[in-house]
Structures are given as C-alpha cells and as structure tokens.
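A.B. asks: sharing a model prediction with you, sequence too.
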Amino acid sequence: MATTRTATTQWKGALLDGSGTVSLDTSGVGTFEVSWPSRAEAANGKTSPEELIAAAHSSCFSMALSHGLAGAGTPPESLQTTADVTFQPGEGITGIALTVTGHVPGITAEQFQQAAETAKANCPVSKALAGTTITLKAELL
C-alpha cells in the first residue's frame, strides 16, 4: 500500500528579506519557521530545506540499516545516524555525509560497514537524492 505524506510552506516576500513557515501536515507534529538567512547563514532558531532533508535521510537510512541487519539475523541494539547536508548559496546542495554508530551483537566491523553501504544504496531517500554525493562513515561500537 502506497502512502503519501504532505507538508505545506507559506512564504511571504522576496527571497532575501522574506520568510515563511513549513507545516508537517500529515503528522501534525509542528510548524517551523524558514528564511533565507536561516538557510544560507546561521539557523537562529529556524529550519531550512537542508535540515529537513537531513532529518529525512538520517531516519530513512536508520530504518533501512535496521531492517537489513535484522534480516541477516543480527538486529541492532541501537543505531545513531547523523546526516550533514551541505548547502552552498548559488550552487545548491553539494553533498551529504552520513555518519552511523551502532551496537550490533554478533557481527564484525566489516559486516557492519557492508550492511551500512547496502542501506545507503537502497534507502528510498538515498535513491531520491542520487543526484548529489553521499558519503558514509560507519562505526561498530
């Protein structure tokens, strides 16, 4: 069964001096302020498209890695994934760095690295973001 998730942005003004809000409509968990300065300079309590992409990517990757590990008979006790999305004004998103640490009994560091590489290649968000360079650092605790 396919699912659709919805977010809505209300924007007022020009890019450089305007601002807006993005609401997570499907879940209803919040509405967040966005602006050009929060995207291209300091966040100052506001979010950006890149931060939202980082949230989507880190959670999708963690789900894919957890699923792959469990399918191999070694479910993780814990995973912590960070996604750093780099935005260069005038250029766009120039890269995404995934960093994952995991506590997974019964596997080697090499097996964890391979499972992480497979998750990176197959998570739906990674596939959607295939137009940018995605790096991965995986560490088994």
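C.D. replies: Cool, got the structure. All of these numbers come straight from a predicted model, not from anything done at the bench.

A.B. asks: now the helices for this protein?
C.D. replies: 36-40, 49-71, 109-122, 124-128 (DSSP state H).

A.B. asks: quick one: closest of those to E139.
C.D. replies: helix 109-122 (7.7 Å; C-beta to C-beta). Where C-beta positions appear, they are placed from N, C-alpha and C, glycine not excepted.

A.B. asks: how about the closest one: buried residues?
C.D. replies: 112-113, 115-116, 119-120 (16 or more other C-beta atoms under 10 Å).

A.B. asks: ok, now stretch 5-20?
C.D. replies: Neighbour count says stretch 5-20 has G20 buried, by 16+ other C-beta under 10 Å.

A.B. asks: from the centroid of the protein, which residue is nearest?
C.D. replies: H57 (2.2 Å; C-alpha atoms, centre = their mean).

A.B. asks: isn't it right up against K127?
C.D. replies: No - H57 is beyond contact range of K127, at 10.9 Å (criterion: C-beta atoms under 8 Å).

A.B. asks: any idea how far A43 is from H67?
C.D. replies: Distance of H67 to A43, given as C-beta to C-beta, to the nearest Å: 32 Å.

A.B. asks: so if I had to pick from these two, which one is more boxed in?
C.D. replies: Neighbour count, other C-beta atoms under 10 Å: between H67 and A43, H67 has more, with 15 against 12.

A.B. asks: if we ignore the residues flanking it in sequence, what's nearest that one?
C.D. replies: A119 (8.0 Å; C-beta to C-beta, 6 or more residues apart in numbering).

A.B. asks: pretty sure the one you found contacts A64?
C.D. replies: Yes - counting by C-beta under 8 Å, A64 is a contact partner of A119 at 4.0 Å.

A.B. asks: for stretch 81-101, which outside residues touch it?
C.D. replies: 39-40, 48, 50-51, 53-55, 57-59, 61-62, 65, 79-80, 116, 120, 129, 132-141 (C-beta atoms under 8 Å, 6 or more residues apart in numbering).

A.B. asks: alright, that wraps it up for me.
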